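A.B. asks: sequence and predicted structure below; questions after.
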Protein chains: 2
Amino acid sequence: MGLTKTEIFTEEQNQIATVAKVLGHPARIAILEFLIKLKSCVCGDLVKDIGLAQPTISQHLKELKKVGIIKGTIEGTSVCYCIHQENWDKIKNILGNFLNKNATGSCC
Amino acid sequence: MGLTKTEIFTEEQNQIATVAKVLGHPARIAILEFLIKLKSCVCGDLVKDIGLAQPTISQHLKELKKVGIIKGTIEGTSVCYCIHQENWDKIKNILGNFLNKNATGSCC
DNA sequence: TTTATTTATTGCAATATTACGATAAATATA
DNA sequence: TATATTTATCGTAATATTGCAATAAATAAA
């Protein structure tokens, strides 16, 4: 099988999992940290900085864009990728709310 | 290839990705929410509540245990699984710190 | 227009993940 | 001891992910 049964979970559960999943790869964490540090950038710089092939970086950028955590605007031959501030905050809240659900000392 | 090049990333980046990855499946989110709600439980109840086969639940529990977010103590024939409070808070901090790295209005 | 530069897409190989039936393992109960 | 109950493990099929070489696409510069 290998395919997640999304239909048996709530929309909220799927949403939490989706945003967590995109953060579940070190390359994407590295890309996000790089974008935060530089406050703007292009793909080429990432390739040099991170050490993965250009198509691989492009693929990770695509996934980050798909969940909306970054946005890219074309500038000539290069692209200016940056954090999508509004969506970043949304994701922070989605994960934050989930992680805060657990009150201290629940069991055992 | 299909295997993540963990060696080219920092320990911190890998750590963030590892904890995010385990949260990157709705079944595991559902399991954690169930544990929080019930404050103690066994595998059988999860199978009924979530709607995946028992081996599948067992597998997800194993992954959650591997990153330390839950712990299980044997009680007769059943097992009492619960949130590992200390590790939960650690994970909350790991992800929280990362998500707080981004200051408002970085670019574009 | 030709040539560089930069990012995206395609195609593929290797590995990982998800899910479950069958079965094992462990303990409680009759 | 035999049987039931509960969770773990094994084996396997289907799908997803990761990574990269090759190449396309798009624009800038010569």
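C.D. replies: Here it is on my side, so go on. Numbers count the residues shown, from 1 in each chain, chains lettered A, B, ... in the order given.

A.B. asks: so who does A:Phe34 touch?
C.D. replies: Listed by CB atoms under 8 Å, 6 or more residues apart in numbering or on different chains, the contact set of A:Phe34 reads A:Cys41, A:Asp45, A:Leu46, A:Asp49, A:Ile50. All C-beta atoms are positioned from the backbone trio N, CA, C, and that covers glycine.

A.B. asks: same thing with A:Lys5?
C.D. replies: A:Lys5 neighbours (CB under 8 Å, 6+ apart): B:Ala27, B:Gly51, B:Leu52.

A.B. asks: can you do 7 Å?
C.D. replies: The neighbours of A:Lys5, taking CB atoms under 7 Å, 6 or more residues apart in numbering or on different chains as the test, are B:Leu52.

A.B. asks: likewise A:Cys41?
C.D. replies: Applying CB under 7 Å, 6+ apart, the residues contacting A:Cys41 are A:Phe34, A:Leu35, A:Tyr81.

A.B. asks: which SS class is the nearest residue to A:Ile29 once chain neighbours are set aside?
C.D. replies: With CB to CB, 6 or more residues apart in numbering or on different chains as the criterion, A:Ile29 has its nearest non-adjacent residue at 4.6 Å, and that residue is B:Gln13. Following DSSP: H, G, I helix; E, B strand; the rest coil, we place B:Gln13 in the helix state.

A.B. asks: distance of B:Gln13 from DNA strand C?
C.D. replies: B:Gln13 is 16 Å from DNA strand C, where distance means CB to the nearest atom of the strand, to the nearest Å.

A.B. asks: how about A:Ala30, what does it touch?
C.D. replies: A:Ile50, B:Phe9, B:Gln13 are the contacts of A:Ala30 under CB under 7 Å, 6+ apart.

A.B. asks: among the residues you listed, name the buried ones.
C.D. replies: A:Ile50, B:Phe9, B:Gln13 (16 or more other CB atoms under 10 Å in any protein chain shown).

A.B. asks: confirm for me that the second one is in contact with A:Ile31.
C.D. replies: Meaning B:Phe9. No: B:Phe9 is beyond contact range of A:Ile31, at 10.7 Å (criterion: CB atoms under 7 Å).

A.B. asks: coming back round to it: closest one of the contacts of A:Ala30 to A:Thr18?
C.D. replies: B:Gln13 (20.3 Å; CB to CB).

A.B. asks: confidence score at the closest one?
C.D. replies: Here, the pLDDT recorded for B:Gln13 equals 98.

A.B. asks: surely it touches A:Ala27?
C.D. replies: No: the criterion here is CB under 7 Å, and B:Gln13 misses it with A:Ala27 at 8.4 Å.

A.B. asks: the residue nearest to A:Ile29 and A:Gln85: what is the separation?
C.D. replies: For B:Gln13, the distance to A:Gln85 equals 22 Å [CB to CB, to the nearest Å].

A.B. asks: check A:Thr6 too.
C.D. replies: 28 Å.

A.B. asks: looking at those two, which one has more neighbours?
C.D. replies: Neighbour count, other CB atoms under 10 Å in any protein chain shown: between A:Thr6 and A:Gln85, A:Gln85 has more, with 17 against 14.
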